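**Student:** predicted model follows, preceded by the sequence.
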Amino acid sequence: MTGPLPPAHETPGTSEPGTGSAVPDSVPPVRPPAPDSPAPVSAPQAPPLPPVQYGPPPGYAVPQAGYGVPPAARYAYPQGMPPGAAPPPYRWVPLAPDGRPLAGFGDRLLAFLIDTAILTAVSMVLFVPLVIVWISTMMTEVTRMQTSIDRGETSVGPDFTFFLGYLAVWLGMMAIIMIVGYVYLVEMSWKSGQTVGKRAMKLAVVPIAPGTPRTRGMFVKRWLVERVAGAFIPFFSYVDGLWQLWDKPFQQCLHDKAAQTVVVKIG
């Protein structure tokens, strides 16, 4: 005869001592619930920036020795040219040692013509007394020669004082030109590096060595080579002015080389 059945909530197994309740033969261990934490997600990697580009964009020629790149903030992409971007609309220009663009031949020629017109106008005003003296001397000599002819004299010619007067007037004009040129091109310009013509064309004379201050001596050398030598040596002015066209890398004229200066754009 079978004994009494265990209650419905009891299952056969081992009973814990003193409890009278049955424990299952195999019970999986109880683990604490895992904290709610999102699964690790790998952050997207940003594409690397293109290398910084300060050279010419694709399609542009590499500048010659001594030529540089205009400021990147104005002319180039500071982080390099993005893919598919068009090159910036600029042309490569030669730079002075301090990084500023050098003045072109056309700008320097226009500045020279403006300064020459001013010097000529001032000199002509100062020439007036000499011209009056010269005309008066010439008229006196012509009157004397005409009187000698009327008297029937056979040997009639200009007096020696006539040539001395002409020489004195010519020397006086040359002195005026040199003095006016010195005051205008040296004393009125060496501190700022600009004449009226250069200021109109936004040019300035600077020492070729960066950080070197302008001095009066530099501008005296420029004046001696450009104006004094040009006034007495035939064709020297043309050679001096055109020298810029083939001088590399700083496009200097001969008077620039003598004074160790360059002419730069400032605007």
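**Tutor:** Cool, the structure landed.

**Student:** neighbours of the closest residue to K191 other than its chain neighbours, how many?
**Tutor:** Distances taken as C-beta to C-beta, 6 or more residues apart in numbering place R214 nearest to K191, at 6.9 Å, with adjacent residues excluded. Quick note: C-beta positions are derived from backbone N, CA and C, even for glycine. For R214, the neighbour count with other C-beta atoms under 10 Å is 18.

**Student:** tell me the SS of R214?
**Tutor:** The local conformation at R214, judged by DSSP: H, G, I helix; E, B strand; the rest coil, is coil.

**Student:** can you name the residues that contact it?
**Tutor:** Neighbouring residues of R214 by C-beta atoms under 8 Å, 6 or more residues apart in numbering: W190, K191, G193, V205, V206, P207.

**Student:** got phi/psi on the fifth one?
**Tutor:** When read as degrees, to the nearest 10, the backbone of V206 gives phi -130, psi 150.

**Student:** any idea how far it is from I179?
**Tutor:** Applying C-beta to C-beta, to the nearest Å, the value for V206 to I179 is 26 Å.

**Student:** those two: who's more crowded?
**Tutor:** V206 (21 against 12).

**Student:** what bridges to the more buried one?
**Tutor:** On the basis of DSSP bridges, V206 is bridged to V262.

**Student:** list the contacts of it.
**Tutor:** With C-beta under 8 Å, 6+ apart, V206 has these contacts: A96, D98, R100, G193, R214, T261, V262, V263, V264.

**Student:** try it again at 7 Å.
**Tutor:** A96, D98, G193, T261, V262, V264 (C-beta atoms under 7 Å, 6 or more residues apart in numbering).

**Student:** buried residues in stretch 176-186?
**Tutor:** I176, I177, V180, G181, Y182, Y184, L185, V186 (16 or more other C-beta atoms under 10 Å).

**Student:** what's the closest of the residues you listed to Q251?
**Tutor:** L185 (19.7 Å; C-beta to C-beta).

**Student:** burial count for the residue lying closest to the closest one once chain neighbours are set aside?
**Tutor:** Nearest in space to L185, with sequence neighbours left out and distances taken as C-beta to C-beta, 6+ apart, is W223 at 4.9 Å. By other C-beta under 10 Å, the residues close to W223 number 22.
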